[in-house]
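**Q** Here is my input; please provide its structure:
(chains A and B)
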Amino acid sequence: MRFVSVIFLLSLMHNAYAQKPVNHNWWVGSDQRSFIMLNAGINATSADFSNRFVEELVLSDQLTQETIGNEIKALNSSKNSVGLDYERAVQGAWNLKSSSHSLLFKIADVAHLDANIPKNITKLVFKGNKSYAGDTLDFSGLSAMGMRYQQMAIGWQYQPTPSSAVFALVSYINGEQYVEGDFERSWLYTSVLGDTLSTSLNGGFSLSDTGRSGFAVNNGSGAAIDLGFHMQFEGEESTWDFDFAINNLGMIQWSKKTLNVNLDSNYTWRGIEIEDIINVNGQFAENELADSLSGGVIRNINKQKKIVWLPGAIHAELLQRRDAGFETGGGWVMRWNANFDPFVYLKNGYRFNDHIATHLSVGYGGYGTVQAGLSGSFEWSHFAANLELRNLEALILPGRFAGGSGVVNVRYLF
Amino acid sequence: MKNALKFLLTALLAGVILSSCRRDIELANWDMDLLVPAAHGTINFSDYDSDQNTYSDANNLLHIVAEETLISLGLDTLIGIPDYSIDTGFVVPISLNFPPGVPFFYQLDETKFELKDVELTYALIREANITIFLENTIDKPVLFQYGIYSATLNGDTFLVEARIEANDTLNRTFTLDGYELDLRGEDGTDFNTVVTFLQAMIHPDETQNHQFKAGDEFNVINTVTGVISEYITGYFGNQTILFEEDETLEVFNQFPFKSINITDFDVNLTIDNGIGADLRLNVQRLGSASTENGSSAYLSHEIMNNDQLFTRAINRYDLSDPVKHVQQKFSFTDENSNLNELFELRPNRILADLDIEVNPLGDASLGNDFAYYGHNLTALMNMDVPLVFGAKGIGLSDTSEFKFNAPEPENPLDRINNGSLNLIIVNGYPVEAEIQVYLLDSLNNSLDSLFAKRALVSGAEENTLGQVEIPTRSQVEIPIDQGLFDELEMTKFIRVNTLLNTVGLDSIHLKSTSNITYSVVADINARTKK
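**A** Predicted coordinates for the structure are as follows:
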């Protein structure tokens, strides 16, 4: 229960990134130039939970029963996804003697967490089990996965023509923290009088070494590659930029101290059995409760290495570029090992001049349903910045959607 | 180079800025209603019979059984051979000159025990010690020889031969274990008589004569102690022993009741005679008394004040199984006695006056009475009381040490807003109970009680066959809040007062198949943060 609670609560934290990963755009124009860029993004999205609930949970002192009741009422019975991604990175390109070749580098701190939280587990966590005495709370399908890692990448970009470029990076991954739980079957029965709790669990969870925690500690190592290309097409009174990128195609091998617990058991708890009611004192040995529970449900527990795919992404985007006027475009994102539905979006906006443009994007999928975002971009000869706010739907309808996302990057060109 | 320096400085600055923006999230509190089983168990009366004094019959009815030895008379009580001491000193009357190795003193002596009417002719010693003190007051070493002619071990007479140095003493202890004592005296016609001899001479190793002076003296003392016989024969006399027993009875102190009605019992008194002598037993009075309420009751039964004659046990002359006992059994039932009245007044004393006469017909065996060690005259009471009874107001009180260990370091009990501990009891016994639990401080002062008023646990109803078909369910709520936890931390002792009443007007049946199951459920409203 505590584990589920922690996963659930962590999943609602703001410090995360999700829907569309931070866009590591290496294209700076037809003329190859060196640059350095600060790139940070936070995405928290859920079509099922609401911002009102999350804000009260995170920002207030007391979560009211009314808010809890409204939230539970709005949830789906079995699938309620939340996704959170966070990334902060320093990246850059060093053009070699003004040629068509550039060296690339990236240092990033990345966190990801996704979860599917059935309605009944939310009831259990936020209301308790008393209201469901005589009933069974089925929360099968509960799952969550989170990891945090640091990434150091070097790569190369080649621009064979002024309108095209290909790039590739190889990363070393420092695995800091990993947690994963997946329960295919899980339910809790509370008897009418409360004298019996029965539970059935089939699933397991893994935790990286909990004895080593803190920023950038090494609990695992891995490698990943990023691949992509950029192409520019000339259209009528505009050009079209097409970007395709595969990010974080790789794995982490978590250390041999990674805890792996497999559960497949039905268990009934009736309290501590008191064999001698006359001499009750001393029969409540410390940890007896925990021991009793663990003895009943844990089928297999071990510590061993575990290899896990990174929650990577494929991203394709086509955007119109004018000198000024309305622009349009769209894109598609697919992710693996992230419990992520394919996400498609349209992006329309207005470019005021060569330096300033603003766009509104509307998408569907990912960890939510309909999502909207607003971005502004600023470009000068040595400076470029992009600011994007996503999940506007959650700001407008906080009682219906959950999300809070933003991306900012600042680029200095040499 | 200039660009490269800019590049590095910018990257460093960016790293510092990005690594500094973290914030810890603190979640809001919320309240939950929890229903959690805390404990459970089963109570069966027979489980608490540590002395195995209960059994279950074919109908699963519980019985209390007890076996109590009221009287056990053995060799030591009837015919004990007392400790004795013989002083055989002597004084040289005139001056004499004696050579070494020639006895200058010889004495054969008969000692007769005082055993009233008992006339023993033979004894096999199980345990006994003899201590011999010898004192030599002359200037030469003396050889003493001390023997018990009556005592033999595998045909050898008990004999002590010791050299006492000049002007010296000897004090040594010997065992008489296993010796046979012929108590018929030197001529073989007497009884209770031991024959001893003492002889003294200048030690034969000496080479010169010794000149005794008038008044030279020698002291010889032998002491026999701790005689326990394995087997004795003779005539045990015609003796009467009166026993006036006033025994404390504690069993009912643990089960105080206002009234009890025992409807069925089976008590046997077995008189077992393992002694080779005729006996007469007269139970003059057998009763019980309660000093608490001043009441007493005495047994009415045919055995009372009627002489009971027991013939002697039979001597098999086989040490592995030497005696065939003679037994006589008396039965006390609800039809031939009023024994139930003795129990129902909740006694704390048992009173018994009885006398036993040995050989009421005189020396009928012509001196062949016998007794073996471990084969006694015993009065054994066997009690079998089926637990069919009616009782009101059985008050039980138990105080035990208590320590409330709040879980550390973060006490989850601090997060409880309010609620109750629900005690759910399913009672299969036809007994109802009123329970109160008191929290006591170190001076036994009451801090609080767990229940606002006594909690009532209903008893099950029996059908006409004396069977419980449907156990009763009771639920008792103990309100809990932070105040209770504070009191629990101050509690050093906990006292449970229970008042039990059988259900219905008539007697109930306690069955081994019945039990009480209970569950403790925490029904609480708790917050997620302290």
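
**Q** Spatially nearest residue to residue 117 (excluding sequence neighbours)?
**A** You didn't say which chain, so I picked chain A. Using Cβ to Cβ, 6 or more residues apart in numbering or on different chains and skipping the chain neighbours, the partner closest in space to A:Ile117 is A:Asn80 (4.8 Å). Quick note: C-beta positions are derived from backbone N, CA and C, even for glycine.

**Q** switch to chain B, that's the one I care about
**A** B:Gly237 (2.7 Å).

**Q** burial of that neighbour, as a residue count?
**A** Neighbourhood size, B:Gly237 [other Cβ atoms under 10 Å in any protein chain shown]: 19.

**Q** quick one: the helices in chain A?
**A** For chain A, the helices defined by DSSP state H cover A:2-11, A:51-59, A:65-74, A:119-127, A:288-297, A:392-396.

**Q** Next, the contact list for the residue nearest to A:Ile117, please.
**A** By Cβ atoms under 8 Å, 6 or more residues apart in numbering or on different chains, the contact set of A:Asn80 is A:Ser46, A:Asp48, A:Phe49, A:Asn116, A:Ile117, A:Pro118, A:Lys119, A:Thr122.

**Q** Select only the buried ones of the residues you listed in ChimeraX?
**A** In ChimeraX syntax, the buried subset of the contacts of A:Asn80 is picked out as below (16 or more other Cβ atoms under 10 Å in any protein chain shown):
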select /A:46,48,49,116,117,118,119,122
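
**Q** ok, the contacts of A:Asn80 vs chain B, which is closest?
**A** A:Thr122 (11.6 Å; Cβ to the nearest Cβ).

**Q** so what's A:Asp226 bridging to?
**A** Beta-bridge partners recorded for A:Asp226 (DSSP bridges): A:Leu169.

**Q** tell me the contacts of residue 106?
**A** All of this refers to chain A. Contacts of A:Lys106 (Cβ under 8 Å, 6+ apart): A:His24, A:Ala89, A:Val90, A:Gln91, A:Gly92, A:Gln151, A:Met152, A:Ala153, A:Gly155, A:Leu169, A:Ser171.

**Q** actually it's chain B I care about, not the one you picked
**A** Counting by Cβ under 8 Å, 6+ apart, B:Tyr106 makes contact with B:Phe197, B:Leu198, B:Gln199, B:Ala200.

**Q** switch the cut-off to 6 Å
**A** Listed by Cβ atoms under 6 Å, 6 or more residues apart in numbering or on different chains, the contact set of B:Tyr106 reads B:Gln199.

**Q** beta partners of B:Ile425?
**A** Beta-bridge partners, per DSSP bridges, of B:Ile425: B:Ser474, B:Tyr518.

**Q** That one touches B:Val520, doesn't it?
**A** No. Applying Cβ atoms under 6 Å, one finds B:Ile425 not in contact with B:Val520, separated by 10.0 Å.

**Q** Can you show me the strands along the stretch 301-414 of chain A?
**A** Per DSSP state E, counting those that start in this stretch, the stretch 301-414 of chain A carries strands over the ranges A:306-309, A:313-321, A:325-335, A:341-351, A:356-366, A:370-379, A:383-390, A:402-403, A:405-413.
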